[in-house]
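>>> turn this into a structure:
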Amino acid sequence: MKKRTLFVLIMALTLIMTACGDAATSTPPAAAPAATTAAAPAATTAAAPVATTAAATQAADTTAAAPAATTAASAANTSGKAVTLRYAIWSKSQQPAVEQLVAEFKKTHPNIDVKIELTPNDQYWTKMDAAATGGALPDVFWMHASNFVRYASNNIIVPIGDKVTAEKIDTARYPSQLVNLYTYNSKIYGLPRNYNLIGLWYNKAMFDAAGVAYPDASWDWNKLREVAKKLTDTSKNIYGFAATGEDQTGFWNVIYQNGGSIISDDKKSSGYDKPETIAALKYWSEFASVDKSSPTYQQLTETSAQDLFQSGKVAMMFGGDWLAIDFAKNTYTKDKVNVAPLPQGKKKAVILHGSSNVISAKSPNQAEAWEFVKFLSSREAQDIQSQGGASGPPAARDAVEVWLKTLPQFKLSVFVDQIPDTVLYPHSVNTNSWLSLQRKYIGPMLSGQLSPEEAGKKMAADMNEALAKEGR
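Model (predicted):
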C-alpha cells in the first residue's frame, strides 16, 4: 500500500513538472531508446554477445524460435469471447510494422482485435503515468527501462515468467542483458522486442569532396578529431562533427570509452566526478570550444544534429541504428551516407538499450494480452517487425539476419558487430530523477559556462542526492 501511495505521489509530481514545461529527461525516450533507462537489479554491465553478421545465419538455423501463436493455442488459453486489446507504442515510423503485426495476429486469433494507440515520444510517459495513476493503462504497451522498476515494484505491470516457462519460450534467444533489464526480483515482466546501438554516421559525398578516406574500425578519438577539423568550413557553416548534448547517442559513449562511468554498479553513487569521466567530457566539449569543428550547443539546440546532417551541414554524427529508416527515406541522405563503428578511446564502448512488451496489471483481458505478447516474441513476428521497418535489430538472435538485409545501402552489420563492446544504458530505480539534471549541467558545460570539472562535480553531487532518496 505504501509503495502504491508513493507511485501516485511520483506521478502527480511528474504531471505538475510537465505542466510547468520542465523536461523530464535530457532526451525524449528513444525508439529504442531510446532514450532513458532503468534496469532491474539483476542487470550487469557487459551485454551477452548477439549473433554477428557471420553468425546470424547459423543462429537462424540452429536456434529454436519461440512457439508461434496458433488458433488452437488461442482456444486453449483464452475465453474465445470477442475482445479488444489496447496496445500503446511511441514511434510513428514503426507504426506500419506494428499494423502488420496486428493483422497477422488477427489471422490466428479472430476473436481478438488490437487497437494501436500511438503517442509521441515526448508525451508517452506523461500519458502512461497518468493512466497508471487512474488505473487505465492500455492492456499491452511498450516499456522503456527508465520506468520499468517503478512500474514493476508498484505492481502496475504483471510478471510473466511463469507463462514464459509454461510455453517453453527460449529466453536464450535474446541477449541476456535485455532479459535481465526487464527482470525484477527474479521475475520476468517483459519480453524484449528489439535493441538499439550507436554508430558513427558519415556523409560519403563530403568525405569524397575532401579526398578523405571513410571511417572504419581502426578509428580512434584522435582520428575523429583530426578528420572533423579537415571537413569543417565555418565560412559556409559546414562542420565536421556534431558534439551534441545527447546522452545515449552522444557523450555517454565517450565516457565509457575513457574508463569513466555514469553510475556505479551498485546504483548508489554517480560516476560524473571520476577523473576519467571529466576527461571524456573535456574531449567532447572541445570539438566546439577549441576546434570549432562542431556547431555550438546553442546551434544544436535550435537545429538538431540530424537535420544538419540531412542537409549536408554536418559531415559526421553519433547516431542510433533507428536513423537508418529516416536516412533511407530522405532524398538527400538516401544515397550519400553510411555508418561505421564508433571510434575508440582507451577502449571500445557503445551504449546498448532495448524495449519490451509488458502487460498492465489492471487489464481485464489477461489471457488475451498474453497471447498477443507471446506472438510478438515469435520468430514470425520478429521477421515482420524487421521487414516492416521497425527500429533497430530484432531482439531474437535468430531473426537478426532478416533485419540486416532490410536496407542494403547501409552497413547495418556495424551495429551487430559492436555487441561485444556494449555497455548497458545507465539506470537506477528512478532514472528520470537524475537524468533531468544533465540538462542543468551538460548544456552549460557545452556552452562554455561551466568547465568539464565543474559540471562533472556538480552533476555528481546532485545525482548522489537523488540516488540516496531511492534507497529510503
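>>> alpha carbons only for contacts and neighbour counts from here, please
Will do.
>>> for I112, give me phi and psi.
Per-residue torsions, I112: phi -110, psi 120 (degrees, to the nearest 10).
>>> surely it is in contact with V102?
No. Here I112 does not reach V102: they are 9.8 Å apart, not a contact under CA atoms under 8 Å.
>>> report the buried residues of stretch 357-370.
Residues of stretch 357-370 classed as buried: 357-363, 365-366, 368-370 (neighbour count, 16 or more other CA atoms under 10 Å).
>>> nope, stretch 196-215 is what I meant
By 16+ other CA under 10 Å, the buried positions in stretch 196-215 come out as 196-204, 206-207, 214-215.
>>> of these, which belong to helices?
Counted as lying in helices by DSSP state H, out of the buried residues of stretch 196-215, are 204, 206-207.
>>> between those residues, which sits nearest N430?
The closest of those to N430 turns out to be K204 (CA to CA; 41.0 Å).
>>> contacting residues for that closest one?
Counting by CA atoms under 8 Å, 6 or more residues apart in numbering, K204 touches 214, 336-338.
>>> over to T244?
250-251, 297, 300, 305.
>>> for it, which three-state class applies?
In three-state terms, and counting by DSSP: H, G, I helix; E, B strand; the rest coil, T244 is coil.
>>> pLDDT at it, what is it?
At T244, the model reports a pLDDT of 98.
>>> assign K347 to helix, strand or coil.
Following three-state DSSP, K347 is assigned to coil.
>>> so how many other residues sit close to K440?
Burial of K440, expressed as a neighbour count using other CA atoms under 10 Å, amounts to 14.
>>> so, low pLDDT: which residues of the stretch 301-450 of the chain?
The model of the stretch 301-450 of the chain has pLDDT under 70 over residues 389-390.
>>> which strand residues bridge the residue lying closest to A395 once chain neighbours are set aside?
In this structure, A395 finds its nearest non-sequential neighbour in N194, 4.1 Å apart by CA to CA, 6 or more residues apart in numbering. Note on N194: beta-bridge partners P394, judged by DSSP bridges.
>>> mind giving me the domain ranges of this protein?
What automatic domain parsing lists as the domains of the chain is 2-15+22-196+354-424, 198-351+431-470.
>>> what is the end-to-end distance of the shortest one?
By that I understand domain 198-351+431-470. Chord length of domain 198-351+431-470, first to last residue, is 29 Å (CA to CA, to the nearest Å).
>>> then stretch 380-393?
Termini of stretch 380-393 sit 14 Å apart (CA to CA).
>>> ok, and what's touching that stretch?
31-32, 68, 93-94, 96-98, 100-101, 193-197, 321-322, 325, 375-376, 394-396, 399-400, 402-404, 406, 416.
>>> follow-up on the earlier one: of the buried residues of stretch 196-215, closest to E470?
If you rank the buried residues of stretch 196-215 by distance to E470 using CA to CA, N196 comes first, at 27.2 Å.
>>> what about stretch 441-459, how long is it end to end?
Its first and final residues considered, stretch 441-459 spans 6 Å by CA to CA.
>>> list the buried residues in it.
441-448, 450-453, 455-459.
>>> tell me the contacts of S270?
Residues near S270 by CA under 8 Å, 6+ apart: 261-264, 460-461, 463-464.
>>> widest-spaced pair of those?
Taking CA to CA as the measure, the contacts of S270 span a maximum distance of 14.6 Å, between S261 and A461.
>>> which one's more surrounded, those two?
Neighbour totals were compared for S261 and A461, and S261 leads with 23 against 14 (other CA under 10 Å).
>>> from V423, how far out is that one?
S261 is 10 Å from V423, by CA to CA.
>>> kindly report the same for K348.
10 Å.
>>> so which of these two has more stuff around it?
V423 (24 against 21).
>>> ends of stretch 151-160, how far apart?
One end of stretch 151-160 to the other measures 14 Å (CA to CA).
>>> what about E99, how many residues nearby?
16.
>>> what pLDDT does it get?
With respect to pLDDT, E99 has a value of 95.
>>> I'd guess it is in a strand, am I close?
No. Using three-state DSSP, the assignment for E99 is helix, not a strand.
>>> how far away is it from N357?
Distance of E99 to N357, computed by CA to CA: 15 Å.
>>> cool, T244 as well?
Distance of T244 to N357, computed by CA to CA: 30 Å.
>>> ok, now K229?
43 Å.
>>> A242 too?
Per CA to CA, A242 is found 33 Å from N357.
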